[in-house]
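Asks: dropping a prediction and its sequence here:
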Amino acid sequence: MHGGAAILAQSVPVKDRFEGKTPWEGVVHVFELKGNPKATRANAWSAPIEGGTKCRFFAVLHIPPIDPPIKAVRAAIDEEHRR
């Protein structure tokens, strides 16, 4: 999705909490990137599309301040709400 090669480094369970609710819970896969000019790592996960049976896939580069997996998930949720 972001170019270059990716090698799985780890899988991290993430449970996002916001105002007492859990907007997303799942596993974020952290990849080491080779050949990407902007980042050396990326976070990736999938989430079901509301009201359907299909999933949407996310890949967010490790670019500060978005480096730990939880911040990548929050950035994606924020972007979805802006649309």
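Replies: Cool, got the structure.

Asks: this protein: strands as residue ranges?
Replies: Secondary structure of the chain, counting by DSSP state E: strands at 5-18, 21-34, 41-48, 55-61.

Asks: how about the third one: buried residues?
Replies: Neighbour-count burial for strand 41-48, counted by 16 or more other Cβ atoms under 10 Å, picks out 41-45, 47. All C-beta atoms are positioned from the backbone trio N, CA, C, and that covers glycine.

Asks: contact partners of the worst-scoring helix or strand of the chain on mean pLDDT?
Replies: Scoring the helices and strands of the chain by mean pLDDT, DSSP states H and E places helix 69-82 at the bottom, with a mean of 88. With contacts defined as Cβ atoms under 8 Å, 6 or more residues apart in numbering, helix 69-82 is touched by 12, 14, 16, 23-24, 28, 30, 43, 45, 58, 60, 62, 65-66.

Asks: could you flag which of those residues are buried?
Replies: Looks like these have 14, 16, 24, 28, 30, 43, 45, 58, 60, 62, 66 buried, using 16+ other Cβ under 10 Å.

Asks: and the residues you listed as JSON lines, adding pLDDT and distance to E80?
Replies: Output for the buried ones among the contacts of helix 69-82, formatted as JSON lines (pLDDT from 0 to 100; distance: Cβ to Cβ, whole Å):
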{"residue": "V14", "pLDDT": "95", "distance to E80": "16"}
{"residue": "D16", "pLDDT": "86", "distance to E80": "13"}
{"residue": "W24", "pLDDT": "87", "distance to E80": "10"}
{"residue": "V28", "pLDDT": "97", "distance to E80": "16"}
{"residue": "V30", "pLDDT": "97", "distance to E80": "21"}
{"residue": "N43", "pLDDT": "95", "distance to E80": "15"}
{"residue": "W45", "pLDDT": "96", "distance to E80": "13"}
{"residue": "F58", "pLDDT": "94", "distance to E80": "10"}
{"residue": "V60", "pLDDT": "94", "distance to E80": "12"}
{"residue": "H62", "pLDDT": "92", "distance to E80": "20"}
{"residue": "I66", "pLDDT": "88", "distance to E80": "15"}
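
Asks: thanks again, I'm all set now.
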